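In: sequence first, predicted model second:
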Amino acid sequence: MKITACIFDLDGVIVDTAGYHFQAWKQTAENLGVSFDEHDNEQLKGVGRMDSLNYILDKGNISKTEAEKKQLAHDKNEHYKTLITNMDASEILPGVVSILDQAEKAGYKIALGSASKNARMILKKTGLIDRFEFIVDGNGFINGKPDPEVFLNGAKGLNVSPSETIVFEDSLKGVQAAISGGFYAVGIGAPEILKEAHIVINDFKNITLTNIIIKIQQAIIK
Ligand code: B16
Ligand code: MG
């Protein structure tokens with residue numbers, strides 16, 4: 001097994017923005033008279049802004065014109081942006097900086113593969129933008145996760161093959177995207193949800209990149 005690159009998802013892997021997305025979508029849903037709970041939020045992880053809005057509209061059996069949808073998505077994003085105004089390096093998830101350091105030291109290429117159109121802004125706020133040789137954000141693909149396009153574009157940008165690349169993802173759709181693209185998938189979060197990944201870890205605390213690679217190797221041999 002030869003590894004030459006790592007692609008990181010953003011929301012839920014590098015920063016814990018899921019709570020802010022949840023708050024903003026809950027507000028949008030409630031304004032529309034639609035209930036919105038943690039289960040709904042889980043379905044929206046890794047899902048782009050317009051598809052997320054469509055999920056809420058479908059749930060409430062509500063139909064809107066394209067112009068109205070655009071406005072609702074815009075309003076949600078404005079709310080989300082106010083929630084992350086003061087975001088800084090203190091909101092980087094535990095162990096992330098160390099994993100980036102280890103990947104860099106090992107000579108691996110590093111890319112971002114996120115569905116978020118706010119990705120660059122968040123990477124700037126947290127001081128991480130220069131750690132990524134290539135960034136695919138919500139503007140960088142047509143077909144969203146679970147389609148592998150976001151990660152395939154990342155691999156292309158790094159000039160590496162998916163079979164030599166580890167993708168780190170917190171959403172089921174993102175894990176499925178990585179697997180169908182031929183990448184090694186490391187799920188970050190609950191094993192019950194992310195069971196399609198090669199391995200699942202809770203977070204980057206108390207684990208080294210070398211250990212992650214060994215665990216993937218063991219999972220493949222099994
Ligand atoms: P935005 P990821 C995804 O980011 C989030 O998981 C998802 O909840 C969000 O709706 C999506 O980005 C779009 O975000 O509204 O900021 O463009 O997990 O793929 O990094
Ligand atoms: Mg995510």
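Out: Structure received. Numbers count the residues shown, from 1 in each chain. Ligands and ions are numbered 1, 2, ... in the order given.

In: for Gln43, what are its contacts?
Out: Tyr55 (CB atoms under 8 Å, 6 or more residues apart in numbering). Heads up, the C-betas are built off the backbone N, CA and C, glycines and all.

In: okay, the residue of the chain found nearest ligand 2 and Val160: tell me how far apart.
Out: Nearest residue of the chain to ligand 2 (CB to the ion) works out as Gly12 at 3.7 Å. According to CB to CB, to the nearest Å, Gly12 and Val160 sit 23 Å apart.

In: list the contacts for Ser180?
Out: With CB under 8 Å, 6+ apart, Ser180 has these contacts: 146-148.

In: by neighbours, which of those residues wins?
Out: Counting neighbours by other CB atoms under 10 Å, Pro148 leads those with 24 neighbours.

In: I figured that one hits Gly174, correct?
Out: No: taking CB atoms under 8 Å as the definition, Pro148 is not a contact partner of Gly174, at 10.0 Å.

In: strands of the protein, start to end?
Out: 5-8, 109-113, 134-136, 165-169, 184-188, 199-201 (DSSP state E).

In: out of those, which gets nearest to Asn61?
Out: Asn61 lies closest, by CB to CB, to one member of those: strand 165-169, at 31.0 Å.

In: which residues are contacting the closest one?
Out: Contacts of strand 165-169 (CB under 8 Å, 6+ apart): 3-9, 13, 46, 113, 151, 155, 158, 174-175, 177-178, 181, 183-188, 194, 197, 212-213, 216.

In: for the longest helix seen in the chain, what does the pLDDT average out to?
Out: The longest helix of the chain (DSSP state H) is helix 66-83. Averaging pLDDT along helix 66-83 yields 98.

In: next one: that helix to chain centre, how far?
Out: 20 Å (CA atoms, centre = their mean, to the nearest Å).

In: got the buried residues for it?
Out: Buried residues in helix 66-83, defined by neighbour count with 16 or more other CB atoms under 10 Å: 72-73, 76, 80, 83.

In: and the contacts of Ser180 as CSV, adding distance to ligand 2 and pLDDT?
Out: Shown next, in CSV, are those (distance: CB to the ion, whole Å; pLDDT from 0 to 100):
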residue, distance to ligand 2, pLDDT
Pro146, 12, 97
Asp147, 15, 97
Pro148, 15, 98
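
In: now, which of these lie close to ligand 1?
Out: Among the contacts of Ser180, proximity to ligand 1 is found for none (CB under 6 Å from any ligand atom).

In: ok, these vs ligand 1, which is closest?
Out: Looking at those and their distance to ligand 1, the nearest is Pro146, at 11.5 Å (CB to the nearest ligand atom).
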